[in-house]
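Participant: Need coordinates for the below:
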Amino acid sequence: MRNDEFENEYPLLLTIGLICKVIGIVIVIVAVIGFFYGISLINDYNSKTIGVILIFSSLLSGLLFSVPFFAFAELIKVFVRIEINTRKTNKERREEMIEESEKQQKIEKEQRKREQDEAMEQRMRAQLEFEEQMKNWNNK
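Facilitator: This next block holds a predicted model:
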């Protein structure tokens, strides 16, 4: 699913997700810059310890602080997609129920028509029998 399919419904949530993703990217960029700066400090004899500390702290802090932002951005997208899918499923189910109801009403209407036709037929047969009995009675 693309973002534009649900942008109109949840623009603020998607904006928050985008902001979280950008913050995560910025943290990764700062961590990479710190990593390369730490590598450049290792080449300097007086700053080897500081360079190693900077490399490890950049990698560790970059991972620790960027991953939650990326995860939160993806979580927002998942929630929005779940809501859209739920709405779509409910709409489809509602349409199915309407179709089923219409079919049931049609069946019931046909059943009533059949019952009315049978009742009319019985009345006509009874009327014919009555008329025939009357003819037989009059002929006697």
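Participant: Report how many residues lie close to residue 26.
Facilitator: 13 (other CB atoms under 10 Å). Heads up, the C-betas are built off the backbone N, CA and C, glycines and all.
Participant: What is the one helix or strand it maps to packed up against?
Facilitator: Residue 26 belongs to helix 11-43 when assigned by DSSP states H and E. Judged by 3 or more CB pairs under 8 Å, 6 or more residues apart in numbering; DSSP states H and E, the packing partners of helix 11-43 are helix 48-139.
Participant: angle of the helix it packs on against helix 11-43?
Facilitator: 160 degrees (axes from the mean of the first three to the mean of the last three CA atoms, to 10 degrees).
Participant: buried residues in the helix holding residue 26?
Facilitator: By neighbour count on 16 or more other CB atoms under 10 Å, the buried set for helix 11-43 is 13-14, 17, 20-21, 23-24, 27-28, 31, 34-35, 38, 41.
Participant: nearest spatial neighbour of residue 76, skipping sequence neighbours?
Facilitator: Nearest in space to residue 76, with sequence neighbours left out and distances taken as CB to CB, 6 or more residues apart in numbering, is residue 17 at 3.9 Å.
Participant: Relative to residue 46, how far out is the one you found?
Facilitator: According to CB to CB, to the nearest Å, residue 17 and residue 46 sit 45 Å apart.
Participant: and what of residue 27?
Facilitator: 29 Å.
Participant: what's the answer for residue 67, then?
Facilitator: From residue 67 over to residue 46 (counting by CB to CB), the distance is 34 Å.
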